[in-house]
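Asker: Attaching a predicted model along with its sequence, questions to come.
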Amino acid sequence: MTFSFPDPELSFDNSAYQAMLTRLSEATAELNNGKTVWPEQQMDWLAESGVLGWVIPEEYGGSDLSSAELNLGYEQLAAACLCTTFVLTQRNGACQRIAGCDNLDLKERLLPDLCSGKTYATVGISHLTTSRQHLSQPAVSATSTESGYLL
């Protein structure tokens, strides 16, 4: 099966995209050895390369890739840095839910900044055990702090 992007700027053969993949690959060791605990620089590179717009509709600044295009992109990113790609997929899950909602004001307020990397979103997924031990008290709680939240 042969596939090509409708927009040459989104091509995986684009030299800027390929350079970003090389940087991701070279920085992977820092994430793997614990020197870096959050891929902040890597997420900046994704923003600069337009990757953060992959799942965001064009009217909000994104490129709204098809599922086939998105999966091809994820495959290349994962080959360069699986950790960064995992973080991206969790963020993209939140963006896709926002993009698919009926609340136009919310989309107009959030999606442009999510596309540019100015703001960040993610999804929280929980797997509850069958022991039912979490019925009286949640397994995880969040407490507001000056710098964010403490889990």
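Answerer: Great, that's in hand. Quantities reported herein were computed from a predicted structural model and do not represent experimental measurements. Numbering: from 1, shown residues only.
Asker: how many neighbours does residue 89 have?
Answerer: For residue 89, the count of nearby residues is 16 (other C-beta atoms under 10 Å). Where C-beta positions appear, they are placed from N, C-alpha and C, glycine not excepted.
Asker: Which residues are in contact with it?
Answerer: For residue 89, the set of contacting residues under the criterion of C-beta atoms under 8 Å, 6 or more residues apart in numbering consists of residue 74.
Asker: Shouldn't it be within a strand?
Answerer: No. If the criterion is DSSP: H, G, I helix; E, B strand; the rest coil, then residue 89 is helix and not within a strand.
Asker: Any figure for the gap between it and residue 78?
Answerer: The spacing between residue 89 and residue 78, counted by C-beta to C-beta, to the nearest Å, is 9 Å.
Asker: what do you get for residue 95?
Answerer: Distance check for residue 95 against residue 78: by C-beta to C-beta, it reads 18 Å.
Asker: give the contact list for the spatially most central residue of the chain.
Answerer: Averaging the C-alpha coordinates of the chain gives a centre point, and the residue nearest to it by C-alpha atoms, centre = their mean is residue 88 (2.2 Å). Going by C-beta under 8 Å, 6+ apart, residue 88 touches 43, 46, 51-52, 74, 77.
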